[in-house]
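1. I'll drop the sequence and a predicted model, then ask my questions.
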Amino acid sequence: MKTSFTTLGCPGWSLEQIAKNAQAFGYQGVELRTHTDGNHFSPDAPVEEALRVAQLFRDHGAPVISIMGYSRFAFSDENEIKKNEELLSELKKIKKLQKGLYKEYEVNELDEIEDD
């Protein structure tokens, strides 16, 4: 069985540290956290950066196998609905990056989100 972990549990580590530690601890994959806070990987990153990050993890034997984003769609409050619309925009950005990050994997939950 192959094992992976999420970068959510590594808030103080750089992407390079995560890749090195994934290899050192024997993991075969990572779920890459994305958020606009700049910790780990931004959904605003250009595709070239996604390709660089994907290669970094592949070079350490722990490819990116999924991308983590945030969603909060269980609200009816108008302010929360507006936040949800902004969030959907962020998820669409993540969807565009997925092929660069883990092109060899096709199973994901972002397929349900329509492109603009």
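-> Received, thanks. The structure presented is a predicted model; accordingly, all values stated were derived computationally and were not measured.
2. against Glu48, how distant is Gln17?
-> Look at Gln17 and Glu48: by Cβ to Cβ, to the nearest Å, they are 21 Å apart. No exception for glycine: its C-beta is placed from N, CA and C like everyone else's.
3. measure the spatially most central residue of the chain to Arg58 for me?
-> Residue closest to the average C-alpha location in the chain (Cα atoms, centre = their mean): Ile67, at 2.7 Å. Applying Cβ to Cβ, the value for Ile67 to Arg58 is 15 Å.
4. got it, and Asn84?
-> Distance, Asn84 to Arg58, by Cβ to Cβ: 34 Å.
5. low-confidence stretches in the protein?
-> Residue ranges of the chain with pLDDT under 70: 70-73, 90-91, 94-116.
6. how about the strands in it?
-> 4-6, 29-33, 64-68 (DSSP state E).
7. who does the residue nearest to the centre of the chain bridge with?
-> Counting by DSSP bridges, Ile67 is bridged to Leu32.
8. can you start the count at 3 instead of 1 from here on
-> Taking 3 as the first residue, the last one we looked at is Ile69.
9. as a markdown table, the strands of the chain with distance to Gly14 would be great.
-> Converted to a markdown table, the strands of the chain look like this (distance: least, Cβ to Cβ, whole Å):
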| stretch | distance to Gly14 |
| --- | --- |
| strand 6-8 | 15 |
| strand 31-35 | 13 |
| strand 66-70 | 17 |
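10. surely Ile67 touches Gly31?
-> Yes: in this structure, Ile67 is within contact of Gly31 by Cβ atoms under 8 Å, at 4.0 Å.
11. what do those two both touch?
-> Common contacts of Ile67 and Gly31, defined by Cβ atoms under 8 Å, 6 or more residues apart in numbering, comprise Ser6.
12. roughly how far does the closest residue to Ala24 other than its chain neighbours sit from Glu80?
-> Computed as Cβ to Cβ, 6 or more residues apart in numbering, the closest residue to Ala24 that is not its neighbour in sequence is Ala64, at 3.7 Å. Counting by Cβ to Cβ, the separation of Ala64 from Glu80 is 42 Å.
13. which one of these two has more residues nearby?
-> Applying other Cβ atoms under 10 Å to Ala64 and Glu80 shows that Ala64 carries more neighbours, namely 25 against 8.
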